[in-house]
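Novice: requesting a structural model of the entry that follows:
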Amino acid sequence: MSKPRSLALPPRTRSLRLATARGSFAVLDTAPDGPRQGTVLLLPGYTGSKEDFLELLGPLTEAGYRAVAVDGRGQHETPGPRGRAAYRRKALALDVVAQAAALGDGPVHLLGHSFGGLVARAAAGLAPDAFMSLTLLASGPGRVARPQRIRIRALRAAFALLPKERVWRATRWLDSRGEEPGAGDPPELVAFLRRRWMLTRIAQLAGAGRLLLADPDGTAALRALPMPLHLAYGDEETVWPVPDLAAAATRTGAHHTVVAGAGHSPNVSHPRELAERLAGFWDAVPGRIEVPIGGNPAEAPS
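Specialist: Got it, this is the predicted structure:
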């Protein structure tokens, strides 16, 4: 989970519902103030939401990219079914393909943070023509580190035994490492985090945890994707082992970004540096689009 530093919407950001062939999804849609270099669809991680990208949206649009962050099905402000089948990998991936189509900008750049990277990988494999590139942010093609696997198992077991409010309190206590829960967080942020937790479907949280625990090594599938690939993470990443991420970048031939001093959420801790590195990668993607204000997509000059 990423924890936003501020809940203020960046300039030119609309909070709206994106109507797709697979339902309506809550999104934050931020437009650049000038010619558009392309569009990026941002998928949040486990227990997270579209607000995880609030600090990143502004810098991305300053670089010329329309940035759209989405709540997946059952996540925060997007409703979702209660049944387990709704949160299987293919169902979530098909949602992303539908979201990309509904944006109306042709192929988009796809970025998945943490668990969102698992979904993004599946979507890119299902419909490669829908995406210009794939970026895995703090997300690997292999298994999460052992402490995270233990945490996910404990969380899934807690949902079967305790009310959601009790699980929230226990999670907050663990996150504070035994300090007073919420110490140092402004009240409006604590209220947001609780609201996000309570709105997110238990089936979504349980299903995402199940997928993270069962995720096979996807290195070969990544290498086979017919699109540019980018692996980005902080050098203090904790959810995936850093050596595994570096090895995956080498094995797949991916563009490789390591953000110095960043942990699991460079999108929050280092948004401007990350945006610069992301835009540099996207700018070099062959066939990228450039859209004048009020114009139609066209191939950028070579």
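
Novice: for residue 171, give its distance to residue 268.
Specialist: 18 Å (CB to CB, to the nearest Å). Glycine gets a C-beta too; all of them are placed from N, C-alpha and C.

Novice: starting from whichever helix in the chain runs longest, tell me the next helix or strand along the chain.
Specialist: Counting by DSSP state H, the longest helix found in the chain is helix 146-161. Downstream of helix 146-161, the next assigned helix or strand under DSSP states H and E is helix 164-175.

Novice: give me the contact list for that next one.
Specialist: With CB atoms under 8 Å, 6 or more residues apart in numbering as the contact definition, helix 164-175 has outside contacts at 155, 158, 159, 162, 181, 182, 193, 194, 197, 198, 202.

Novice: in TSV: the residues you listed, plus distance to residue 274, pLDDT and neighbour count.
Specialist: Output for these, formatted as TSV (distance: CB to CB, whole Å; pLDDT from 0 to 100; neighbours: other CB atoms under 10 Å):
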residue	distance to residue 274	pLDDT	neighbour count
155	27	89	18
158	32	91	16
159	32	86	15
162	36	88	13
181	29	49	16
182	27	51	17
193	22	94	22
194	27	94	15
197	25	95	19
198	29	95	11
202	31	94	14
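
Novice: which of the residues you listed sits closest to residue 215?
Specialist: residue 155 (16.1 Å; CB to CB).

Novice: wait, that closest one touches residue 209, no?
Specialist: Yes. Counting by CB atoms under 8 Å, residue 155 touches residue 209, with 6.2 Å between them.

Novice: rewinding a little: so what secondary structure elements neighbour the longest helix of the chain?
Specialist: If contacts are counted by 3 or more CB pairs under 8 Å, 6 or more residues apart in numbering; DSSP states H and E, helix 146-161 sits against helix 164-175, helix 202-214.

Novice: of these, which shows the lowest average pLDDT?
Specialist: Mean pLDDT is lowest for helix 164-175 out of the helices and strands packed on helix 146-161, coming in at a mean of 83.

Novice: got the buried residues for that one?
Specialist: 167, 168, 171, 172 (16 or more other CB atoms under 10 Å).

Novice: what's the farthest-apart pair in those residues?
Specialist: 167 and 172 (9.7 Å).

Novice: any chance of the contacts of helix 164-175 in a markdown table with distance to residue 85 as columns?
Specialist: Formatted as a markdown table, these follow (distance: CB to CB, whole Å):
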| residue | distance to residue 85 |
| --- | --- |
| 155 | 21 |
| 158 | 22 |
| 159 | 17 |
| 162 | 24 |
| 181 | 34 |
| 182 | 36 |
| 193 | 28 |
| 194 | 28 |
| 197 | 23 |
| 198 | 23 |
| 202 | 15 |
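
Novice: on the three-state scheme, the closest residue to residue 52 other than its chain neighbours is what?
Specialist: Closest residue to residue 52 apart from its sequence neighbours, by CB to CB, 6 or more residues apart in numbering: residue 2 at 3.6 Å. Of the three states, residue 2 takes coil under DSSP: H, G, I helix; E, B strand; the rest coil.

Novice: list the contacts of residue 2.
Specialist: Counted by CB under 8 Å, 6+ apart, residue 2 has contacts 44, 45, 48, 52, 113, 264, 265, 267, 268.

Novice: ditto for residue 215
Specialist: So residue 215 contacts 118, 142, 143, 144 (CB under 8 Å, 6+ apart).

Novice: next, give phi and psi for it.
Specialist: For residue 215, the backbone dihedrals (degrees, to the nearest 10) come out as phi -60, psi 120.

Novice: please begin residue numbering at 46 from this point
Specialist: All right, first residue 46 from here; so that's residue 260.

Novice: can you pull the pLDDT of it?
Specialist: The model's pLDDT for residue 260 equals 88.

Novice: next, the angle helix 247-259 makes with the longest helix of the chain.
Specialist: Counting by axes from the mean of the first three to the mean of the last three CA atoms, to 10 degrees, helix 191-206 lies at 150 degrees to helix 247-259.

Novice: what's the helix or strand for the residue nearest to residue 138 when sequence neighbours are not counted?
Specialist: Once flanking residues are discounted, residue 138 sits nearest to residue 167: 3.7 Å by CB to CB, 6+ apart. Element membership of residue 167, judged by DSSP H and E, is helix 160-171.

Novice: low-confidence ranges in the stretch 96-245 of the chain?
Specialist: 219-228 (pLDDT under 70).

Novice: let me see the contact set for the closest residue to residue 67 other than its chain neighbours.
Specialist: Spatial nearest neighbour of residue 67, excluding adjacent residues (CB to CB, 6+ apart): residue 143 at 4.2 Å. Residue 143 is in contact with 65, 66, 67, counting by CB under 8 Å, 6+ apart.
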